[in-house]
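> I'd like to go over a predicted model; first the sequence, then the structure.
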Amino acid sequence: MPVHQPVADPAALIAATVEAIRPADRTAGERADARQGRLTKPSDALGRLEGLATRIAGITGQERPRLDRRLVIVAAGDHGVTAQGVSAFPPEVTAQMVANFLAGGAAINVLASHAGARVRVVDAGVRSETPDHPDLLRLRLGPGTDDISQGPAMTRALAERAIAEGIALFERERAAEGVEIVALGEMGIGNSTSAAAIVAAVTGRPPRAVTGRGTGVDDAHYELKVAAIERALAVNAPDRSDGIGMLAALGGFEIGVLAGAYLAAAAAHVPAVIDGVISGAAALVAEAIAPTSVDSFVASHRSVEPGHHATLEHLRLEPIFDLGMRLGEASGAALGISLCVAACRLLDEMATFGEAGVSDSDTAVEPEA
């Protein structure tokens with residue numbers, strides 16, 4: 001595994017990336033929508049697949065996007081707030097699951113393979129040692145974050161570096177093999193607590209309203225989780241308009257890496273598929289840093305986690321599907337890639353009425369009585 005070279009000037013890279021982000025290409029979207037109306041089908045017969053393809057056309061600036069090069073990023077990190085009893089699993093599970101990703105044995109490996117996407121795993125800040133592997137990027141920004149219920153998760157400098165490393169990762173992957181759509185997911189014991197804190201800070205909703213069971217905690221552990229989030233918000237008093245500061249106060253190293261990848265994807269006009277509540281929290285951080293970045297987001301599914309519902313409402317995104325999922329790992333986002341590709345292939349490969357020699361509803365002649 002090659003030695004990783006840290007980003008030299010994180011703040012400058014973030015600023016340059018934000019400067020490069022532009023709104024969706026309305027003209028490309030309109031052309032895609034017009035083509036939808038000429039395809040050999042009744043108007044709107046493919047339902048939300050049509051709007052999905054049109055959105056992706058606007059993101060990419062292409063009337064007929066193909067999405068042939070697909071990437072899944074799974075960033076992993078541990079969280080100091082686990083000391084408050086917020087999770088049903090011990091912290092060492094994070095490193096164990098990283099090893100499982102690299103061995104190809106996790107749900108995301110199966111779903112990414114089905115979607116025709118390669119998987120890049122990132123050790124953003126795992127407490128235990130992770131194995132050497134060509135598919136692993138070992139950033140190791142720290143041995144997990146500090147306990148957010150006692151103070152900030154990390155310094156502002158570390159938050160900037162996490163975001164910048166996510167930008168650099170996406171840019172390297174795109175330069176090496178090309179990326180036309182990216183799914184963003186995570187692994188980290190305790191990270192649903194950090195995510196819920198971010199969601200509460202951004203949306204202004206009470207912690208209890210955006211906090212779910214995560215890994216399946218019982219009632220007693222759930223109360224500890226809500227209390228930890230309430231203390232984190234009181235102790236850190238995060239500014240919802242300051243994405244970097246919010247990440248430093250409440251986030252995780254893996255959340256920062258994903259936020260950077262969202263920003264880089266937006267700057268490159270690449271659709272970024274949101275997974276569940278933690279991936280969504282990273283999208284909130286990215287949106288706070290660069291509001292226009294939301295134009296490049298695609299919501300894959302609606303997680304059972306209440307914080308995810310609040311996140312999608314804040315971002316004004318409608319998820320593609322709702323299967324009652326709550327795994328993380330980019331599992332829902334990988335399924336989302338499959339549907340995005342299907343939607344774009346329909347737009348690109350179906351014949352128009354003119355090409356097929358089929359009369360459409362405007363040219364058909366009524367039969368004589």
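Perfect, thanks for sending it.

> From here on, just use CA atoms for contacts and neighbour counts.
OK.

> mind listing the strands for this structure?
70-77, 118-125, 136-138, 181-187, 272-274, 297-299 (DSSP state E).

> Mind pulling up the pLDDT for Met1?
Met1 is assigned 50 on the pLDDT scale.

> circling back: with distance to Met154, mean neighbour count and mean pLDDT added, can I get the strands of the chain in JSON lines?
Formatted as JSON lines, these follow (distance: least, CA to CA, whole Å; neighbours: other CA atoms under 10 Å; pLDDT from 0 to 100):
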{"stretch": "strand 70-77", "distance to Met154": "13", "mean neighbour count": "28", "mean pLDDT": "99"}
{"stretch": "strand 118-125", "distance to Met154": "11", "mean neighbour count": "24", "mean pLDDT": "98"}
{"stretch": "strand 136-138", "distance to Met154": "18", "mean neighbour count": "21", "mean pLDDT": "97"}
{"stretch": "strand 181-187", "distance to Met154": "18", "mean neighbour count": "30", "mean pLDDT": "99"}
{"stretch": "strand 272-274", "distance to Met154": "24", "mean neighbour count": "31", "mean pLDDT": "99"}
{"stretch": "strand 297-299", "distance to Met154": "26", "mean neighbour count": "25", "mean pLDDT": "99"}
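
> Could you say which one of the ones you listed comes nearest to Thr54?
Taking CA to CA, strand 297-299 is the member of these nearest to Thr54, at 11.8 Å.

> what packs against that closest one?
Applying 3 or more CA pairs under 8 Å, 6 or more residues apart in numbering; DSSP states H and E, one finds that strand 297-299 contacts strand 272-274.

> what pairs with the strand it packs on, and is each one parallel or antiparallel?
Paired neighbours of strand 272-274 in the sheet (DSSP bridges): strand 181-187 (parallel), strand 297-299 (parallel).

> returning to what we had before: turn the strands of the chain into a markdown table, columns for distance to Gln96.
A markdown table is the format used below for the strands of the chain (distance: least, CA to CA, whole Å):
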| stretch | distance to Gln96 |
| --- | --- |
| strand 70-77 | 11 |
| strand 118-125 | 12 |
| strand 136-138 | 14 |
| strand 181-187 | 10 |
| strand 272-274 | 24 |
| strand 297-299 | 28 |
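
> quick one: which of those strands is nearest Glu63?
If we rank the strands of the chain by CA to CA, the stretch that ends up nearest is strand 181-187, at 15.5 Å.

> quick one: the closest one to strand 70-77, angle?
Between strand 181-187 and strand 70-77, the angle comes out at 20 degrees (axes from the mean of the first three to the mean of the last three CA atoms, to 10 degrees).

> circling back to that earlier point, with respect to Leu346, which of the strands paired with strand 272-274 lies nearest?
Leu346 sits nearest to strand 181-187 of all these, at 16.7 Å, using CA to CA.

> okay, and for this structure, where does confidence drop off?
Residue ranges of the chain with pLDDT under 70: 1-3, 362-369.
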